[in-house]
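Novice: only the shape, not the letters, is given here:
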């Protein structure tokens with residue numbers, strides 16, 4: 001086995017440039033899942049992934065339809081009496097707006113210094129390609145020591161709305177011993193990281209309506225409640241003076257952080273100064289009584305993702321707008337459910353919205369929070385691989401973001417997930433100039449090779 005492992009590692013180092021070119025190929029697809037206009041790019045990307053799996057010798061490769069965008073499936077079961085690993089990934093990406101802030105074209109992969117810039121490099125085409133590159137290195141130098149199945153979806157960036165039904169319909173096909181999910185990241189290039197907790201998500205669109213059409217602010221100003229102002233007042237009231245969320249009953253089911261977990265989180269290298277450096281803010285902010293690392297991973301949130309109202313072009317247009325809209329998301333912790341948050345949001349609006357306006361609240365698909373068992377053998381194998389490659393034990397963290405599939409495979413398949421990834425905090429996820437740090441990416445490929453052999 002050691003000879004095969006060494007040969008696979010040597011292959012990966014010799015083919016770094018080829019691996020990079022393959023990554024450049026797949027990030028060239030504008031596989032944005034939020035808008036119907038990009039459906040052709042979604043379909044091309046799924047076809048590219050399927051072709052790549054076939055080239056690696058995977059069997060039963062299929063582009064499988066869902067109610068939305070397709071899932072790419074494949075398998076290799078040629079290692080009798082060995083564990084089976086389900087590898088999860090997504091090939092869709094976030095929109096690129098605001099386009100003017102990109103220094104290079106978002107779908108033209110560009111190397112600057114040690115980084116590769118393009119939408120999807122870090123989230124998560126780069127992570128998927130790290131897995132496929134590691135598998136290629138093992139296959140080209142011998143036989144895989146473990147059985148593989150693949151679930152690569154195209155809707156993660158919109159909450160995976162079609163995936164629960166697809167998983168339920170394919171439970172027998174997806175049976176495996178555990179799921180490798182590389183849709184996480186590292187706390188820094190020198191900090192190999194295993195994620196054991198994910199927050200859930202509840203997503204909303206709130207629209208406030210006033211007059212039936214835009215009004216002249218000189219004629220009607222002072223006599224009509226401005227919907228933009230009314231919306232701002234409602235949004236401002238969603239947090240109190242301690243930055244706690246004021247939706248009725250919001251914290252009733254929140255599972256508190258245990259004392260021993262708070263001690264472990266405090267040991268992570270995520271200080272206030274670290275966060276200020278990563279974000280450029282003058283001061284951190286958040287719920288009183290908790291540290292920044294606890295707020296960002298272990299406590300629920302309510303965030304305003306965007307607001308639109310009235311005239312926003314150059315110059316002036318003196319109006320009272322007819323409506324105002326805000327996009328809002330809540331990150332959820334254990335025991336909170338998206339449907340509960342929707343009901344609490346409605347109660348808040350019923351109690352707080354003035355009679356001078358009317359409102360509509362729309363809920364998008366959501367997901368529950370999840371915690372993974374870090375004592376499972378797959379996590380220990382991953383930790384050992386990280387120790388070998390980085391020369392240090394990994395850090396264990398709660399991830400502030402949401403990966404809906406983790407809860408799905410827990411509930412539908414009774415399967416634990418192992419969460420890793422090689423994205424860094426400054427990779428500009430969901431923002432202009434998304435990037436992947438290439439030295440870390442190549443180390444990640446070597447780590448995945450070690451991981452495959454640790455079974």
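Specialist: In hand now; what should we look at? Predicted model, so just to flag it, every value in this text is computed and none were measured. Numbering: from 1, shown residues only.
Novice: please identify the buried residues of stretch 276-295?
Specialist: Within stretch 276-295, the residues scored as buried using 16 or more other C-beta atoms under 10 Å are 284, 286-287, 290-295. C-beta: built from backbone N, CA, C; applies to glycine.
Novice: from one end of that stretch to the other, what's the distance?
Specialist: 15 Å (C-alpha to C-alpha, to the nearest Å).
Novice: give me the residues contacting it.
Specialist: 242-244, 257, 262, 265-266, 268, 270-272, 275, 296, 298-299, 301, 425-426 (C-beta atoms under 8 Å, 6 or more residues apart in numbering).
Novice: tell me which of the buried residues of stretch 276-295 fall in helices.
Specialist: Applying DSSP state H to these, the entries found in helices are 292-295.
Novice: coming back round to it: of the contacts of stretch 276-295, buried ones?
Specialist: Buried members of the contacts of stretch 276-295, scored by 16+ other C-beta under 10 Å, are 244, 257, 265, 268, 270, 275, 296, 298-299, 301, 425.
Novice: which among these gets closest to residue 47?
Specialist: Comparing the buried ones among the contacts of stretch 276-295 against residue 47 with C-beta to C-beta picks out residue 425 as the nearest, at 33.1 Å.
Novice: and that closest one, that's in a strand?
Specialist: No: going by DSSP: H, G, I helix; E, B strand; the rest coil, the assignment for residue 425 is coil, not a strand.
Novice: so for it, what's the nearest residue that isn't a sequence neighbour?
Specialist: Spatial nearest neighbour of residue 425, chain neighbours left out: residue 278 (5.0 Å); criterion: C-beta to C-beta, 6 or more residues apart in numbering.
Novice: swap in residue 328?
Specialist: Closest residue in space to residue 328, ignoring its immediate chain neighbours: residue 204 at 4.6 Å, by C-beta to C-beta, 6+ apart.
Novice: tell me how far that neighbour lies from residue 433.
Specialist: Separation of residue 204 from residue 433 (C-beta to C-beta, to the nearest Å): 28 Å.
Novice: ok, these two, which is more surrounded?
Specialist: The neighbour comparison of residue 204 against residue 433 (other C-beta atoms under 10 Å) goes to residue 204, with 20 against 17.
Novice: which one of the buried residues of stretch 276-295 sits closest to residue 393?
Specialist: Closest to residue 393, out of all of those and judged by C-beta to C-beta, is residue 293, at 18.5 Å.
Novice: what's the pLDDT at the closest one?
Specialist: Here, the pLDDT recorded for residue 293 equals 94.
Novice: excluding chain neighbours, what is closest to it?
Specialist: Residue nearest to residue 293 in three dimensions, not counting chain neighbours: residue 270, with 4.3 Å by C-beta to C-beta, 6+ apart.
Novice: just to be sure, residue 197 is in a helix?
Specialist: No: Residue 197 is assigned strand when assessed by three-state DSSP, not a helix.
Novice: just grab the bridge partners of it for me.
Specialist: residue 371, residue 398 (DSSP bridges).
Novice: ditto for the one 10 residues further on
Specialist: Using DSSP bridges, the bridge partners assigned to residue 207 are residue 325, residue 360.
Novice: could you pull out the helices in the stretch 201-350 of the chain for me?
Specialist: Ranges of helices in the stretch 201-350 of the chain, per DSSP state H, counting those that start in this stretch, are 217-220, 227-236, 259-266, 272-279, 292-295, 338-352.
Novice: so where's this structure shaky on pLDDT?
Specialist: 1 (pLDDT under 70).
Novice: quickly list the domain ranges of it.
Specialist: Using automatic domain parsing, the domain parsing of the chain gives 2-198+370-453, 200-263+291-363.
Novice: quick check: which of these is buried the most?
Specialist: Ranked by mean neighbour count, the domains of the chain are led by domain 2-198+370-453 with a mean of 20 (mean count of other C-beta atoms under 10 Å).
Novice: quick check: end-to-end length of that domain?
Specialist: 9 Å.
Novice: now do it: distance to the chain's middle.
Specialist: Mean C-alpha position of domain 2-198+370-453 versus that of the full chain (C-alpha atoms, centre = their mean, to the nearest Å) differs by 12 Å.
Novice: swap in stretch 360-373?
Specialist: For stretch 360-373, the distance to the chain centre is 13 Å (C-alpha atoms, centre = their mean).
Novice: so which residues of the stretch 1-150 of the chain form helices?
Specialist: Under DSSP H, counting those that start in this stretch, the stretch 1-150 of the chain gives helices at 2-14, 16-27, 39-55, 125-140.
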